[in-house]
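1. below are the sequence and a predicted model for it; my questions follow.
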Number of protein chains: 2
Amino acid sequence: MPTDLFSTYGDLLDRTARKVKQYAQRRFNAENYDITVDQWLILRNLNQNNDLNQSQLAEITEKDHPTLTRIIDLLCKKGLTERRIHPADRRSFTIHLTELGKHHVAEWSPKMAEIRMKAWENLTEEDYKSLKRILDTIYSNLDLKVEDELRIKNLHPIADS
Amino acid sequence: MPTDLFSTYGDLLDRTARKVKQYAQRRFNAENYDITVDQWLILRNLNQNNDLNQSQLAEITEKDHPTLTRIIDLLCKKGLTERRIHPADRRSFTIHLTELGKHHVAEWSPKMAEIRMKAWENLTEEDYKSLKRILDTIYSNLDLKVEDELRIKNLHPIADS
DNA sequence: CACTAATAATTATTATGCCAACAGATTTAT
DNA sequence: ATAAATCTGTTGGCATAATAATTATTAGTG
């Protein structure tokens, strides 16, 4: 396989993901929705799963724990979510939409769907399936198991020590 | 078109782009390359175009000016690049690889190619063409012209003033 | 029961992305 | 020729991301 052919897929992915995020954010702002794209992702998931702790939520949304902590902080500050102490484990919280949060999810959802569809002009359902298959394959190829992580590290013990 | 079908392409793109970046970064770190993925993108472009100013470099790499300024700052601090005053226009600099920068680009390139190929396991050249076509289409769909920006803003004049 | 492991969440640090605002240099228009 | 507009690069503010380290709590083991 010619390695040069694929030299830019990483950049291509990166710039497209940024463009999608940027477009959605501008539309949110134009509607005066006081929310970021990543915050909306969390809200949308909470609307379907309203009794998760932060670790579970982080796994579902594929955010790191520190990132999730801060997003939840912001959503709580806006009054859209709340942390409830877990009854059996005082280390953890469960995260819930407030009434205001539920209200905004319902209010904003139609526009969000419209914004999503804009990216898909001139493309087909077949294209969507291809995209999903290819991206999922790439993800799997790079989704290292713990053993792989160790292998990479041990092959190259810290050089500057 | 069923809007629900596409509800996750944004998340899919976002998480795959992050995974690619994360994987590459871990491999860089394992090799003790003192460089980030985005810094490498700039180095790679400088290696091909060694007489650009920051605006041209920003356009080629699709970074905005503040981001590029900061990346160049870091690369200069590491001694990999240098700013030269433009002879005819005192507003601008041209950016160049130093000898050390050229040395590292040559030294690191083979490993970078190997890392790139890892993501492509189980995929074909045909897949690459599909991916490129679909991502380019999405990018174009969302790449607003100035008129579109104005239209979006004027449809919804500032509500909270 | 005490000591250690592991887990949940947070904080700190560094880097990037985007927006807005700015300063200085240069071009354009009057 | 001078004022206005534009261009180039920088800085500050806020949000996100990855990693490491820290705190608090729980679980596991002898």
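-> Yep, that arrived. Numbering: from 1, shown residues only, chains lettered A, B, ... in the order given.

2. okay, the closest residue to residue A:78 other than its chain neighbours: pLDDT?
-> With Cβ to Cβ, 6 or more residues apart in numbering or on different chains as the criterion, residue A:78 has its nearest non-adjacent residue at 6.8 Å, and that residue is residue A:34. (C-beta placed from N, C-alpha, C; glycine too.) Per-residue confidence (pLDDT) for residue A:34: 92.

3. phi, psi for residue A:34 please.
-> Dihedral angles of residue A:34 (phi, psi; degrees, to the nearest 10) stand at phi -90, psi 80.

4. which parts of chain A sit against DNA strand C?
-> A:14, A:18-19, A:21-22, A:25-26, A:53-55, A:65-66, A:69-70, A:72-73, A:83, A:86, A:89, A:91-93 (Cβ under 7 Å from any atom of the strand).

5. inside strands: which ones of those residues?
-> Using DSSP state E, the subset of the residues of chain A next to DNA strand C located in strands is A:53, A:83, A:93.

6. how about TSV for those, with neighbour count and pLDDT added?
-> Conversion of those to TSV gives the following (neighbours: other Cβ atoms under 10 Å in any protein chain shown; pLDDT from 0 to 100):
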residue	neighbour count	pLDDT
A:53	16	92
A:83	16	94
A:93	17	91
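
7. from the residues you listed, which is closest to residue B:49?
-> Set against residue B:49, the nearest of those by Cβ to Cβ is residue A:53 (49.6 Å).

8. what bridges to the closest one?
-> Taking DSSP bridges as the rule, residue A:53 bridges to residue A:94.

9. so it sits against residue A:94, correct?
-> Yes - using Cβ atoms under 8 Å, residue A:53 is in contact with residue A:94, at 5.4 Å.

10. give me the distance from the helix or strand containing residue A:138 to the chain's centre.
-> Assessed by DSSP states H and E, residue A:138 sits inside helix A:125-142. On the basis of Cα atoms, centre = their mean, to the nearest Å, helix A:125-142 is displaced by 17 Å from the centre of the chain it belongs to.

11. what's that helix in contact with?
-> Contact partners of helix A:125-142, identified using Cβ atoms under 8 Å, 6 or more residues apart in numbering or on different chains, comprise A:120, B:1, B:5-6, B:9, B:12-13, B:15-16, B:19-20, B:22-23, B:118-123, B:127, B:130-131, B:134, B:137.

12. give me the common contacts of residue A:53 and residue A:94.
-> Joint contacts of residue A:53 and residue A:94 (Cβ under 8 Å, 6+ apart) are residue A:86.

13. what's the distance between residue A:120 and residue B:78?
-> As judged by Cβ to Cβ, to the nearest Å, residue A:120 and residue B:78 stand 42 Å apart.

14. who's more crowded, the two?
-> residue A:120 (20 against 15; other Cβ atoms under 10 Å in any protein chain shown).

15. might one say that residue A:85 is in contact with residue A:93?
-> Yes - the pair residue A:85 and residue A:93 passes the contact test of Cβ under 8 Å, sitting 6.4 Å apart.

16. got phi/psi on the residue nearest the centre of chain A?
-> Relative to the mean C-alpha position of chain A, the nearest C-alpha, by Cα atoms, centre = their mean, is the one of residue A:61, at 4.8 Å. When read as degrees, to the nearest 10, the backbone of residue A:61 gives phi -90, psi -10.

17. hmm, back to that, residues near the residue nearest to residue A:78, how many?
-> When neighbours are counted by other Cβ under 10 Å, residue A:34 comes out with 12.

18. ditto for residue A:137
-> 17.

19. roughly how far does it sit from DNA strand D?
-> Using Cβ to the nearest atom of the strand, to the nearest Å, residue A:137 is found at 18 Å from DNA strand D.

20. re earlier: quick check: the gap between the residue nearest to the centre of chain A and residue B:67.
-> On the measure of Cβ to Cβ, residue A:61 and residue B:67 end up 25 Å apart.

21. quick check, distance from stretch A:30-42 to the centre of its chain.
-> With Cα atoms, centre = their mean, you get 13 Å for stretch A:30-42.
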